[in-house]
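Colleague: sequence? don't have it. structure:
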């Protein structure tokens, strides 16, 4: 029965292709990541000859589980080891799997730090919610393609913003909607966008290499107008995550990634 189930699942994956809306919403948590890591280690331990084989890794297991579990392993669990081993050979040859594998690799390979360091105290300094695709009206109706981390103390230039990954400063400067922003291209190809900054880190410039945890600037309220416009909204960091897709740049919901990284907040002393 398990073999038949796997055959049906593989056939379904091949026929359906990619659900881009479900992929972009990125339903995942730390429990899922830990389970996948445990299962991949089990596979390599039980089948040492598979170590180093293409797609016998955490990203492949995540990709397979997303396709098999309606892009929501949080609700539906991750694929079991037997199903993965029986199905990966066939599924890995499909364009859908290979495309998604590239995207998940770009998103997850370089993540290290939460983008806003924490105070060296028990006071809460930020709050955020899942606002993916909420309506925004500046410049015409549009959907919110990111997560806003709101400063509880609504004062610009106080809270530092750090890079979540190693990478290169690909974009820096003013955007009408994003204000003073920085775009970091990670080594695996993900694009991490930090917007509405008040000021930049001293001497940081386009083309610089940065390391995870490095200061990029300070949270502000810039944007929604010509360069230098401030005060149109409360102080916050708009975080966006993007991958280069076959359809162009595609945004991903950062909320669940941020929840996963909360334990990876570096600390700063605020004076």
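Modeller: Okay, I see it. All figures in this text were calculated on a predicted structure; none of them were measured in a lab.
Colleague: mind checking how far the nearest residue to residue 56 once chain neighbours are set aside is from residue 185?
Modeller: Residue nearest to residue 56 in three dimensions, not counting chain neighbours: residue 50, with 4.8 Å by CB to CB, 6 or more residues apart in numbering. For every residue, glycine as well, the C-beta is placed using N, CA and C. Per CB to CB, to the nearest Å, residue 50 is found 32 Å from residue 185.
Colleague: repeat that for residue 157.
Modeller: Going from residue 157 to residue 185 by CB to CB gives 26 Å.
Colleague: neighbour-wise, which of those two wins?
Modeller: The residue with more neighbours, out of residue 157 and residue 185, is residue 185; 19 against 14, by other CB atoms under 10 Å.
Colleague: mind checking the SS state of that one?
Modeller: The three-state assignment at residue 185 reads strand, by DSSP: H, G, I helix; E, B strand; the rest coil.
Colleague: got the contact list for stretch 225-239?
Modeller: The contact list for stretch 225-239 (CB atoms under 8 Å, 6 or more residues apart in numbering) reads 115-116, 138, 146-151, 154-156, 159, 161, 174, 176, 178-179, 192-198, 219-224, 254, 258.
Colleague: actually stretch 91-99, sorry about that
Modeller: Stretch 91-99 is contacted from outside by 10, 13-14, 16-18, 54-55, 60, 63-64, 67, 245-246, using CB under 8 Å, 6+ apart.
Colleague: in strands, which of those residues fall?
Modeller: Using DSSP state E, the members of the contacts of stretch 91-99 that fall in strands are residue 245.
Colleague: could you identify the least confident member of the contacts of stretch 91-99?
Modeller: Within the set of the contacts of stretch 91-99, pLDDT is lowest for residue 10 (75).
Colleague: if I look at that one, how far off is residue 263?
Modeller: For residue 10, the distance to residue 263 - CB to CB - is 36 Å.
Colleague: more neighbours: which of these two?
Modeller: residue 10 (20 against 8).
Colleague: report the buried residues of stretch 184-199.
Modeller: Residues of stretch 184-199 classed as buried: 184-186, 188-198 (neighbour count, 16 or more other CB atoms under 10 Å).
Colleague: gap between the two ends of it?
Modeller: 16 Å (CA to CA, to the nearest Å).
Colleague: then stretch 13-24?
Modeller: First-to-last distance for stretch 13-24 - CA to CA - comes to 18 Å.
Colleague: off-centre distance for it?
Modeller: Computed by CA atoms, centre = their mean, to the nearest Å, the separation of stretch 13-24 from the middle of its chain amounts to 18 Å.
Colleague: name the residues that touch that stretch?
Modeller: So stretch 13-24 is contacted by 66-68, 70-72, 87, 90-91, 94, 96-97, 99-100, 103, 247, 250-253 (CB under 8 Å, 6+ apart).
Colleague: I'd like to know which of those are buried.
Modeller: By neighbour count, with 16+ other CB under 10 Å, these hold 66-68, 71-72, 87, 90-91, 94, 96-97, 99-100, 103, 250-253 as buried.
Colleague: and the nearest residue to residue 84 once chain neighbours are set aside, how many neighbours?
Modeller: By the measure of CB to CB, 6+ apart, the closest residue to residue 84 outside its immediate chain neighbours is residue 64, 5.6 Å from it. Residues near residue 64, counting by other CB under 10 Å, number 25.
Colleague: now do the one 5 residues further on
Modeller: Residue 69 is flanked by 18 other residues according to other CB under 10 Å.
Colleague: contact partners for it?
Modeller: Applying CB under 8 Å, 6+ apart to residue 69 gives the contacts 75-79.
Colleague: between the residues you listed, which is nearest residue 131?
Modeller: residue 75 (20.4 Å; CB to CB).
Colleague: wait, that closest one touches residue 28, no?
Modeller: No - counting by CB atoms under 8 Å, residue 75 stays clear of residue 28, with 10.8 Å between them.
Colleague: compare these two (neighbour count), which wins?
Modeller: Between residue 75 and residue 28, residue 28 has the larger neighbour count (other CB under 10 Å), namely 24 against 9.
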